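# model this:
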Amino acid sequence: MSNGLENPLRDRVALVTGAGRGIGREIAIGLAAMGARVALVARSENELGEAVAEIHAAGGIATAVVTDVQDAGKLHAGVQRVRAELGSPEVLINNAAVVTPIGPTDTLDRMVIAAAAAINIVAPISLSAMLLPGMTGAGWGRIVNISSGIVGSPGSSPGMTVYAACKAALEAHTLNLAAELDGTGVTVNAYRPGAVDTAMQRWIREQPAEQIGAALHDRFAAMHTEGRLITSEQSARLLLDRITGPQNGQIWSVTDSAQ
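Alright, predicted model coming up:
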């Protein structure tokens, strides 16, 4: 067994949103393998149960928290449950996100835009606010916000204006919060996970080209047919290789070398 100096995550509590599938699931499994006690948060009860069972089978500690991150009351109750079952989280991975709505801007509904923003940007900030007192009190914490490469080239995916705006806002929040927490022992970074073969990618490919725009549809279809997608496990591993380091206020990319 590794000691605390060799493994900074051993026995720390980690909370991962959107952990039922894709990158979030693999990050949660990886954190558990590194010795963390992991709370997997998502709306998908069956998927969470399968992920937790996999962690338990490998000898890890994990619990499933079925909740909706856009509902403030449910999110607060979920955090309270994590504290009661595992302890106060010192690692937070804000991974939950929605790619919808997609399509020409003049077709977008205000309420749908607001719902996406509630999940993609309001929830990560709110969850960080809930967990920060415990992290700063302990003098150690790691927050990673899962962003997207679309922020680096927002014009590359016309029709995804809401998603692009939300992820850009998430990165701005990341850098601002990192500056606020500088010197506290709590680091805040963002991660652009690359083009990953997830349900989100598959969903976009399945949408009618006339609905989401031919250029966007063809771009995502080409990434798949040309074999340019990586696995969720590959992307998660590149994040986990960085997470315990002292770096603060960085925008990590799947294409970077771990520091």
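
# quick one: the helix or strand encompassing residue 81 to chain centroid distance?
Counting by DSSP states H and E, the element that carries residue 81 is helix 72-85. A distance of 18 Å separates the centroid of the chain from that of helix 72-85, by Cα atoms, centre = their mean, to the nearest Å.

# List the contacts of it.
Residues outside helix 72-85 that contact it (Cβ atoms under 8 Å, 6 or more residues apart in numbering): 13, 15, 39, 41, 63, 65, 67-69, 89, 123, 126-127, 130-131. C-beta: built from backbone N, CA, C; applies to glycine.

# repeat that for 7 Å
Residues from elsewhere that reach helix 72-85 (Cβ atoms under 7 Å, 6 or more residues apart in numbering): 15, 39, 41, 63, 65, 67-69, 89, 123, 126-127, 130.

# Please pull up the helix or strand immediately following that helix.
Per DSSP H and E, the helix or strand that comes after helix 72-85 is strand 91-94.

# Just the buried positions in the helix or strand just after that next one, please.
Next along the chain after strand 91-94, taking DSSP H and E as the criterion, comes helix 110-117. The neighbour-count check on helix 110-117 (16 or more other Cβ atoms under 10 Å) flags 113, 115-117 as buried.

# what comes into contact with the helix or strand that comes right after helix 110-117?
Downstream of helix 110-117, the first helix or strand assigned by DSSP H and E is helix 123-138. When contacts are defined by Cβ under 7 Å, 6+ apart, helix 123-138 is touched by residues 69-70, 72, 75-76, 79, 88-90, 92, 94, 96, 141, 143, 145, 170, 173, 177, 184, 186.

# next one: helix 123-138 to chain centre, how far?
Its chain's average C-alpha position is 15 Å from that of helix 123-138, according to Cα atoms, centre = their mean.

# CA atoms of that helix as CSV?
Output of helix 123-138 as CSV, limited to C-alpha atoms (Å, rounded to 0.1, in the frame of the first residue of the first chain):
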residue,chain,number,x,y,z
ALA,A,123,-23.9,24.0,-11.5
PRO,A,124,-20.1,23.8,-11.5
ILE,A,125,-19.8,27.2,-9.9
SER,A,126,-22.4,26.3,-7.3
LEU,A,127,-20.9,23.0,-6.5
SER,A,128,-17.4,24.5,-6.1
ALA,A,129,-18.9,27.1,-3.7
MET,A,130,-20.5,24.3,-1.6
LEU,A,131,-17.2,22.3,-1.3
LEU,A,132,-14.6,25.1,-1.0
PRO,A,133,-14.9,25.7,2.7
GLY,A,134,-13.9,22.1,3.4
MET,A,135,-11.0,22.3,1.0
THR,A,136,-9.6,25.6,2.2
GLY,A,137,-10.1,24.4,5.8
ALA,A,138,-8.0,21.3,5.1
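
# distance of residue 32 from residue 130?
Distance, residue 32 to residue 130, using Cβ to Cβ, to the nearest Å: 22 Å.

# Residue 219 now?
Residue 219 is 37 Å from residue 130, where distance means Cβ to Cβ.

# between those two, who's got more neighbours?
Using other Cβ atoms under 10 Å, the more surrounded residue of residue 219 and residue 130 is residue 130, with 19 against 16.

# how much does the helix holding residue 81 deviate in direction from helix 123-138?
For helix 72-85 against helix 123-138, the angle by axes from the mean of the first three to the mean of the last three Cα atoms, to 10 degrees is 30 degrees.

# Enumerate the positions of helix 72-85 that are buried.
Across helix 72-85, burial judged by 16+ other Cβ under 10 Å covers 75, 78-79, 82-83.

# Any chance of CSV for those, columns pLDDT?
Formatted as CSV, the buried residues of helix 72-85 follow (pLDDT from 0 to 100):
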residue, pLDDT
75, 96
78, 97
79, 97
82, 98
83, 98
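
# so which of those comes closest to residue 107?
Nearest to residue 107 among the buried residues of helix 72-85, counting by Cβ to Cβ, is residue 75 at 30.0 Å.
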